[in-house]
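1. Return a 3D structure for these sequence lines:
(one chain, ligands or ions: 1)
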Amino acid sequence: LTQLTLALLKPDLTANSTKVNKVFSHIQQNDFNIVAHKTLLWSKSDAEAFYGEHRGKFFFERLCGYMTSGHFHALILEKPDAILGWRALIGPTHPPRARINAPETLRSLYGMTDTRNSFHGSDAVDTATKEIGFFFPEFDIEKWEKDR
Ligand code: CMP
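-> Sure, this is the predicted structure:
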């Protein structure tokens, strides 16, 4: 059954248009349909709101600093099993580990460090719904579900 997920191309990647173009090719080659797309620039409070579950962790300030360092892309991707499929395509959280264990993944190819890992993907159906609502409050997910 076709499914939606929320994907981010984070600021370090977005700053490099050659890499962004390559990533959009990967997305198309892997048969994801881009249902919605916007570029954003976050304030500190935007980042703290989205990453609230990580407040208090040692990397929280670093993460919020990174995510407010420049524009980034938010995408709604559609495909059968989109959530798992997108997470498989981006690979493990930590790019140096991805380069050893999952060399064909996007984080292996384009990620930098544990924090600056260039991509995000929702991890479950309920978080995908929540994250789509966060970035695309105008998107009618109930209508999409009815029409799919
Ligand atoms: P993401 O999975 O999009 O959401 C949480 C983010 O926190 C993660 O990507 C990384 O950018 C960052 N992160 C997760 N774990 C660590 C870590 N151990 N050290 C630094 N940053 C991390």
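
2. Only C-alpha atoms from now on, for both contacts and neighbour counts.
-> Fine.

3. buried set for stretch 26-44?
-> Across stretch 26-44, burial judged by 16 or more other Cα atoms under 10 Å covers 27, 32, 42.

4. For this protein, which residues are neighbours of the ligand?
-> Contact residues, the chain versus the ligand (Cα under 6 Å from any ligand atom): 59, 63, 114-117, 120.

5. Just give me the closest of the residues you listed to residue 77.
-> Closest approach to residue 77 among the residues of the chain next to the ligand (Cα to Cα): residue 120, at 12.0 Å.

6. That closest one belongs to a helix, doesn't it?
-> No - under DSSP: H, G, I helix; E, B strand; the rest coil, residue 120 falls outside any helix and is assigned strand.

7. correct me, but it touches residue 8?
-> Yes - if you go by Cα atoms under 8 Å, residue 120 and residue 8 touch, sitting 4.8 Å apart.

8. Now name the helix or strand holding residue 34.
-> For residue 34, the enclosing helix or strand under DSSP states H and E is strand 33-40.

9. after that strand comes which helix or strand?
-> Next along from strand 33-40, by DSSP H and E: helix 44-50.

10. the longest helix in this protein is where?
-> helix 17-29 (DSSP state H).

11. For it, which outside residues touch it?
-> 13-14, 106, 110 (Cα atoms under 8 Å, 6 or more residues apart in numbering).

12. Repeat the analysis, applying 7 Å as the threshold.
-> 13-14 (Cα atoms under 7 Å, 6 or more residues apart in numbering).

13. quick thing: my sequence starts at 673, can you match it?
-> Yes, from this point I'll number from 673; that puts the last item at helix 689-701.

14. next one: it to chain centre, how far?
-> When C-alpha coordinates are averaged (Cα atoms, centre = their mean, to the nearest Å), helix 689-701 and its chain have centres 14 Å apart.

15. Could you do stretch 695-713 as well?
-> For stretch 695-713, the distance to the chain centre is 10 Å (Cα atoms, centre = their mean).

16. Would you mind measuring the gap between the ends of it?
-> 20 Å (Cα to Cα, to the nearest Å).

17. can you give me the mean pLDDT across it?
-> Confidence for stretch 695-713, expressed as mean pLDDT, is 98.
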